[in-house]
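*Asks:* Here is a sequence with its predicted model. Questions after.
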Amino acid sequence: MTAVSNATTDRRRVLLVARVMLALFVFFLCGMIAEVGLRLLWQPQLASWQRNINRTIDIDPTIIHGVAGPVHIITNSKGLRGDEWSNDRSKEYRILAIGGSTTECLFNDQPNTWPALLQTRLGTLDGRRVWVGNAGHAGFTSRHNVMEMTYMPDQYDPDAVVILVGGNDMGLLLSEGAGIDPGFIYSPSKMGNLSMDFVERPVPIIKSTTRFHHLYLTMFARETLRLYQSPRGLLNTSQSWKTQIELRRHPWLVVQEMPYDISLGLKSYENNLREIVRLAKQRHIRLVLMTQPELYQTKLSPEMMNQVWAGWIGDPSANIYWSPEVAGKILEAHNELTRKICHEEQLECIDLASTIPKSLNVFFDHAHFTDYGCSLVADALVNHFRNVASAK
């Protein structure tokens, strides 16, 4: 009886071991199939927006004036705010718009954003239908633009890239001060950290920031978790605008003196712009830079001052701000550097800062465009593209 019992126990052990081995085999086989499938099919791109968004934002006209709501936010299958492009590449003139929140135009209804108006009003160029994709995102600086110019030309195959630049770099200089790194874009680790600001990142960037970068399964899981843990886009609401404006109207301290030394910040900005130019020339892409217009000027009227909310020093809750005069001077230093580089590199440049009126008809706060302001920017671009095209 004991021998029979032992034999039965042995058989059960063998069956258990066999089942465990079979389960492990199936597990690893599924993992291998998933790994191969991801290597073949998963092709993430650099994107500031999630793909195929279709959302609506209600606008409170008592907080944000000069825009017609509700605002529709629609992204295409490529993660750009705009239409799908044509299946016939030869019949399409593609323009990629890059920049910060003044390109993003979050509080302008989609048809009223300046990239959308550029597409509508320009219509055709060189005998091809114009398509404009909006890759703008709030807070993006020329550092982000370098990364975008590194990857997005291969993703979207643009004929031209338009960049509205300088405003957020002014804020970056005021924020980082003497600690700003002019060589930031040459540091793989710093640029890798910067890439976390994007919703989607291409495999080369993911590999550079992931310890277990040899397995696509690991990278895919990490990126999926990152996407859901740190959602991007639509983070600003009209209520957040109201909160910041109310804080700014009752500051604890306003700093009137210029920072001691802004040369490092300007050198950083120059390095970034020259790298953008180099990348555009390397890929034979038409590059159009635009200086950043803002409401800042020597003397703001009380009505204008009531619409300013940015420029805080440190934590916004501390309620300490740079004066609009300081912000305006530093922004103009960035715009002047943009003009200088355009001249030296023989680039196309639209000097919006010198031509767009500093008016509340144009801006609903210190920097962001009303629908009328977007219309002025679009008209400037349409005139530029038509004049340059006709001069060829």
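*Replies:* Nice, thanks for sending it over.

*Asks:* ok, so what distance separates the residue nearest the centre of the chain from residue 316?
*Replies:* Relative to the mean C-alpha position of the chain, the nearest C-alpha, by Cα atoms, centre = their mean, is the one of residue 137, at 3.3 Å. Here the distance between residue 137 and residue 316 works out to 20 Å (Cβ to Cβ, to the nearest Å). (C-beta placed from N, C-alpha, C; glycine too.)

*Asks:* and if you look at residue 325?
*Replies:* When distance is defined by Cβ to Cβ, residue 325 is 20 Å away from residue 316.

*Asks:* How many residues are close by residue 193?
*Replies:* Here the count is done by other Cβ atoms under 10 Å, and residue 193 has 11 residues near it.

*Asks:* helix/strand/coil for it?
*Replies:* helix (DSSP: H, G, I helix; E, B strand; the rest coil).

*Asks:* roughly how far apart are it and residue 184?
*Replies:* The separation that residue 193 has from residue 184, given Cβ to Cβ, amounts to 10 Å.

*Asks:* now do residue 367
*Replies:* In this structure, residue 367 and residue 184 are separated by 23 Å, where distance is defined by Cβ to Cβ.

*Asks:* which of these two has more neighbours?
*Replies:* Set side by side, residue 367 and residue 184 give different neighbour counts by other Cβ under 10 Å, the larger being at residue 367 (25 against 19).

*Asks:* give the contact list for that one.
*Replies:* For residue 367, the contacting residues are 101, 102, 167, 292, 294, 295, 310, by Cβ atoms under 8 Å, 6 or more residues apart in numbering.

*Asks:* OK, contacts around the fourth one?
*Replies:* Shown in contact with residue 292 (Cβ under 8 Å, 6+ apart): 102, 164, 165, 166, 167, 170, 331, 334, 335, 352, 353, 367.

*Asks:* Beyond the helix or strand of the chain with the lowest mean pLDDT, next helix or strand please.
*Replies:* Within the chain, no helix or strand scores below helix 216-229, which has a mean of 65 by mean pLDDT, DSSP states H and E. Under the assignment DSSP states H and E, the closest C-terminal helix or strand after helix 216-229 is helix 238-249.

*Asks:* Any buried residues in that next one, and which?
*Replies:* Residues of helix 238-249 classed as buried by neighbour count (16 or more other Cβ atoms under 10 Å): 238, 241, 244, 245, 247, 248.

*Asks:* of the residues you listed, closest to residue 348?
*Replies:* residue 241 (33.2 Å; Cβ to Cβ).

*Asks:* Could you measure from the nearest residue to residue 163 once chain neighbours are set aside over to residue 247?
*Replies:* Nearest-residue entry for residue 163: residue 98, 4.7 Å, with adjacent residues in sequence omitted and distances by Cβ to Cβ, 6 or more residues apart in numbering. Relative to residue 247, residue 98 is positioned 30 Å away (criterion: Cβ to Cβ).

*Asks:* OK, contacts around the residue nearest to residue 313 when sequence neighbours are not counted?
*Replies:* Spatial nearest neighbour of residue 313, chain neighbours left out: residue 320 (4.5 Å); criterion: Cβ to Cβ, 6+ apart. With contacts defined as Cβ under 8 Å, 6+ apart, the neighbours of residue 320 are 251, 252, 253, 254, 255, 312, 313, 314.

*Asks:* Quick check on residue 320: phi, psi?
*Replies:* The phi and psi torsions at residue 320 (degrees, to the nearest 10) take the values phi -120, psi 130.

*Asks:* Any idea what it is bridged to?
*Replies:* Residue 320 has these beta-bridge partners by DSSP bridges: residue 253.

*Asks:* How confident was the prediction at it?
*Replies:* pLDDT, residue 320: 84.

*Asks:* which SS class is residue 146?
*Replies:* Here residue 146 takes the helix state, with states given by three-state DSSP.

*Asks:* measure it to residue 268 for me?
*Replies:* Counting by Cβ to Cβ, the separation of residue 146 from residue 268 is 11 Å.

*Asks:* go on, residue 82?
*Replies:* In this structure, residue 82 and residue 268 are 30 Å apart, going by Cβ to Cβ.

*Asks:* Overlap of the contact sets of residue 146 and residue 268?
*Replies:* Once Cβ under 8 Å, 6+ apart is applied, it turns out that residue 146 and residue 268 contact no residue in common.

*Asks:* Quick one: the helices in the chain, in order.
*Replies:* When secondary structure is read from DSSP state H, the chain shows helices at 2-41, 101-104, 114-122, 142-156, 167-176, 188-194, 203-209, 216-229, 238-249, 263-282, 302-305, 324-345, 352-355, 371-391.

*Asks:* Give the buried residues for stretch 81-89.
*Replies:* When neighbours are counted by 16+ other Cβ under 10 Å, the buried residues of stretch 81-89 are found to be 81, 82, 85.

*Asks:* Where is pLDDT lowest across those?
*Replies:* Within the buried residues of stretch 81-89, the minimum per-residue pLDDT falls on residue 85 (89).

*Asks:* The nearest residue to that one once chain neighbours are set aside: neighbour count?
*Replies:* Closest residue in space to residue 85, ignoring its immediate chain neighbours: residue 131 at 5.1 Å, by Cβ to Cβ, 6+ apart. By the criterion of other Cβ under 10 Å, residue 131 has 20 neighbours.
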